[in-house]
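**Student:** Okay, predicted coordinates and the sequence, questions at the end:
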Amino acid sequence: MKILITGGAGFIGGNHVHYTIEKYPEDTVICVDDLTYAGNMETLEPVFGCKNFHFEKADIADKTAIRAIFEKYRPDCVINYAAESHVDRSIENPGVFLTTNILGTQVLLDAAREFNVSRYHQVSTDEVYGDLPLDRPDLLFTEETPIHTSSPYSASKAGADLLCLAYARTYKMPITISRCSNNYGPYHFPEKLIPLMIINAMQDKPLPVYGKGENVRDWLFVTDHCRAVDLIVRKGTVGEVYNIGGHNERTNIVVVKTILEQLGKSEALINYVTDRPGHDMRYGIDPTKINKELGWFPDTNFETGLSQTIEWYKNNTGWWQNVLDGEYQKYYEKNYGAR
Ligand code: NAD
Ligand code: TDX
């Protein structure tokens, strides 16, 4: 199978490329990534030199470039991980989120249709369901939960999902969608909660916790997400949406304190800062459908996954020091300086 993976120089897409090359040496992987601030060729170093790996630098919203790539490789399958993915950045600058996440998806869908791919998979997020109240732990997101978005990021991801469902119905395209909860693990860009807190704590810098730290996220180790997407692509039913999650909800403050404990650092580093506007309170995924239909369950529990992640950041200081470049420092000052 020839699999075109977009966003493969980013966190989850990169882990998916590693996973596919290792598990399916007979498959060919074509990674398409525009190398935005979040894309990093060092993430793809483990697969450089593999005969069945190809890299193409392109913007998924660039119709001409994407068409040429489809013409060159004629992929059997497309997995779209490429996106602007950070909620805080979407609040500052929504435009690029709409261009990449919605128009980019449309360009990929049109190319997938023209070249008759046998599967197009859209990597979506649990954020399209909005949020759940803290005082109703019995409530979870199912695939039937209405779309109800809060941030420009989640609205753009929901727009892309609706477009995929429309293409599936109108053009009878073989499309699947997955909506996963928060990921963590190696190669996670340090603007996101877990890597940011690990790196700041390792450097004895303040850990900026939004609001009271009471918001709840449902954490999943990244390889479990990649394994689920792979299973959906190979065995999932066309036209279906699959939630992905492992019932692993934690308040942000508990996550931050666990990181400090595992690193042997003081809780005095915690710095409560002004909350994120429109901050979603709680995400909680009901994964019954993927459990029952595809037999998928997570392999890695949170404590083990977190300690593996911390070890990875300790052993790969070069990777994260390189991404914390001048542009990132400007973002950091802007996002946290005034909080
Ligand atoms: P990321 O920001 O780490 O990586 C995104 C990648 O996409 C980068 O390599 C970037 O260079 C590339 N990219 C961005 N714009 C592009 C464009 N116009 N053309 C080509 N490439 C472009 O993101 P991530 O955390 O790995 O998320 C990957 C996908 O998974 C996203 O679609 C996101 O919505 C979804 N998702 C993420 C999480 C999470 O917890 N991180 C959870 C559920 C779903
Ligand atoms: O400095 C911080 N302090 C803080 O308290 C940051 C960066 C975050 N937070 C809080 C906000 C959230 O409640 O931590 C929680 C997690 O924040 P993020 O890492 O920004 O993730 P989130 O907003 O939950 O979105 C993530 O999960 C769903 C991904 O970034 C999305 O791409 C994915 O769709």
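**Tutor:** Done, it's in. Ligands and ions are numbered 1, 2, ... in the order given.
**Student:** anything in the one helix or strand His225 maps to near ligand 1?
**Tutor:** Per DSSP states H and E, His225 falls inside helix 222-235. No - using Cβ under 6 Å from any ligand atom, helix 222-235 stays clear of ligand 1, coming no nearer than 7.2 Å. Bear in mind the C-beta positions are built from the backbone N, C-alpha and C, glycine included.
**Student:** helices or strands up against that helix?
**Tutor:** Counting contacts by 3 or more Cβ pairs under 8 Å, 6 or more residues apart in numbering; DSSP states H and E, helix 222-235 packs against helix 11-23, strand 77-80, strand 119-125, strand 175-180, strand 182-184, strand 241-244, helix 288-294.
**Student:** got those as CSV, with mean pLDDT columns?
**Tutor:** Listed next are the helices and strands packed on helix 222-235 as CSV, based on pLDDT from 0 to 100:
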stretch, mean pLDDT
helix 11-23, 98
strand 77-80, 99
strand 119-125, 99
strand 175-180, 99
strand 182-184, 98
strand 241-244, 99
helix 288-294, 98
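**Student:** got the ones you listed as TSV, with mean neighbour count columns?
**Tutor:** Listed next are these as TSV, based on neighbours: other Cβ atoms under 10 Å:
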stretch	mean neighbour count
helix 11-23	22
strand 77-80	25
strand 119-125	24
strand 175-180	24
strand 182-184	23
strand 241-244	24
helix 288-294	15
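**Student:** Let's have these in a markdown table, adding distance to ligand 2.
**Tutor:** Output for the helices and strands packed on helix 222-235, formatted as a markdown table (distance: least, Cβ to the nearest ligand atom, whole Å):
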| stretch | distance to ligand 2 |
| --- | --- |
| helix 11-23 | 9 |
| strand 77-80 | 13 |
| strand 119-125 | 3 |
| strand 175-180 | 8 |
| strand 182-184 | 4 |
| strand 241-244 | 11 |
| helix 288-294 | 17 |
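**Student:** Nearest to Gly213, out of these?
**Tutor:** Nearest to Gly213, of all the helices and strands packed on helix 222-235, is strand 182-184, at 14.9 Å by Cβ to Cβ.
**Student:** immediately after that closest one, which helix or strand?
**Tutor:** Using DSSP H and E, the helix or strand that follows strand 182-184 in sequence is helix 193-202.
**Student:** can you give me the mean pLDDT across that following helix?
**Tutor:** For helix 193-202, mean pLDDT rounds to 98.
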